[in-house]
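A.B. asks: sequence first, then the predicted structure, then my questions.
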Amino acid sequence: MNFHKLEMARTIEPLYVAISLDIDPDANSAVKGRHDALSSPIEHGEIRVAACQKGLQKIFELLGKYDIDATLFYEARTAQMLVAEGMDLPKLSERHEVACHSLKHEDFLGKVSGIPMDEKCIEKTISEAKYILEKIFKRDTKGFRAPYTRISRAVVKVLERLEFLYDSSETVTFGNGWAGNPYPLEAFDSGLLELALPSFNDAKGKKKSSYLWAIFEGRRISSEYIDTVLQARDVASGGLFVFSIHPWHLYVDCRGNEFSNTQVGKNLENLESIFSRLKQMRSIRILRQDKYMEDWLKKQIKLNKSIPNNSNF
Ligand SMILES: [Zn+2]
C-alpha cells in the first residue's frame, strides 16, 4: 500500500468512543495522613458504596439497552463490597472490559495525604488489587486508571512490571497535535502505552473534561458533550475519545449529599441521551478500551511493514 492510499484508508476510519466507568466509593476523597480514600464527609471516617451500587445497576441497564460494551475501572475494595452486598458483578460485567482502579483509591503521590508512597509500596498495592479483581472476575486486567488520575514514574514502572497493556490516567487537550491516539509514556521514561482522557476548550474558552461530573452537578448539559464528539469526529478519525463516569455521581454530589429525585431523574435522562445520541451518529464506533488498543497495535504492525521508519509514535 502506498502512502497516498494509506491516507485515504485512514480518513474513512470512524472516531472511536469508549465509555469508561471509575467504580469507586461514593463521593470519595483523599485524606491527610492516610494513603486510602474515604467517602465525604471524611470526618465520619466511612466508606460507602450504596450510591455506587444504585448508579452502577442503572448504568448496566442502559448499556444493555443501547448494546454498548464499556470499560470498567474497578477499585478492588469497592468490587469486594458490591459483591458482599449481593451484586453478581462477574455476570453483570460479562460483556465489558474489567480494568483496575487501585486497591483502596490510594493517593500514590501524596498530594493530599502528605505521605507519598514509595515504589515498593505502590507495587504491593496494585498487585493486590489486580489479584483481587482477577479472583472475582476470573480474567486478566489489562488497563489501569490511577485514583485522581495521578501517575508518576514509580506508578508507571509498577504497571510495566505487572504487565498492564495500557494506562488511562492522563488528560490531554484535543487538537494541538493530539487526535486521540495512544502514545508511550516517554515523559516517565517508559514505553507503556497511554489511552489519555481528552479535554477541550468550550465556546467560552473554558476547559471541559470528558468526565460527566459537570452534567450531574448541573453545570453542563448533555448536548455540549455531543457537540464536542461531533467536533472531534471531524479532526480525529481513527482516534479514541474516552468518556468517564462515576456511577455514584448519579445519586450523590461530590460532598456526599443525596440528590433530589428530580435531579436523579435528570441525571439518568442526560446519561441516556448521550448513549442514544452516540449510537445514532454516523462515523462513530463505540468500543472497549482494550479492543481499541488491540486493534491499534495490529494496525501499527501493518504500518511498520509498509512504511519503514514511520513516525506515528
Ligand atoms: Zn476514582
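C.D. replies: Sure thing, it's come through.
A.B. asks: shouldn't Ala236 be in contact with Asn176?
C.D. replies: No - taking Cβ atoms under 8 Å as the definition, Ala236 is not a contact partner of Asn176, at 11.9 Å. The C-beta positions use only the backbone N, C-alpha and C, and glycine is treated the same way.
A.B. asks: so who does Thr71 touch?
C.D. replies: Ala18, Ile19, Ser20, Leu21, His96, Glu97, Ala99, Gly143, Ser168, Arg288, Gln289, Asp290 (Cβ atoms under 8 Å, 6 or more residues apart in numbering).
A.B. asks: from those residues, which is closest to Leu159?
C.D. replies: Out of the contacts of Thr71, the one with the shortest distance to Leu159 is Gly143. That distance is 9.7 Å, counting by Cβ to Cβ.
A.B. asks: count of neighbours near that closest one?
C.D. replies: When neighbours are counted by other Cβ atoms under 10 Å, Gly143 registers 25.
A.B. asks: angles on the backbone of the closest residue to it other than its chain neighbours, please.
C.D. replies: When the adjacent residues along the chain are set aside, Gly143 lies closest to Ala99, with 3.5 Å between them (Cβ to Cβ, 6 or more residues apart in numbering). Listed backbone geometry of Ala99 is phi -130, psi 170, with angles given as degrees, to the nearest 10.
A.B. asks: okay, the strand ranked longest in the chain in CSV with CA atoms only?
C.D. replies: Of all the segments assigned as strand in the chain under DSSP state E, the longest by residue count is strand 15-23. These are the backbone C-alpha positions of strand 15-23, laid out as CSV (Å, rounded to 0.1, in the frame of the first residue of the first chain):
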residue,chain,number,x,y,z
LEU,A,15,-13.9,8.3,15.6
TYR,A,16,-13.8,5.6,18.2
VAL,A,17,-15.6,6.3,21.5
ALA,A,18,-15.1,4.5,24.8
ILE,A,19,-17.5,4.6,27.8
SER,A,20,-15.4,4.1,30.9
LEU,A,21,-16.6,3.9,34.5
ASP,A,22,-14.5,4.6,37.6
ILE,A,23,-16.2,2.3,40.1
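A.B. asks: quote the end-to-end distance of stretch 247-260.
C.D. replies: Terminal residues of stretch 247-260 lie 16 Å apart, using Cα to Cα, to the nearest Å.
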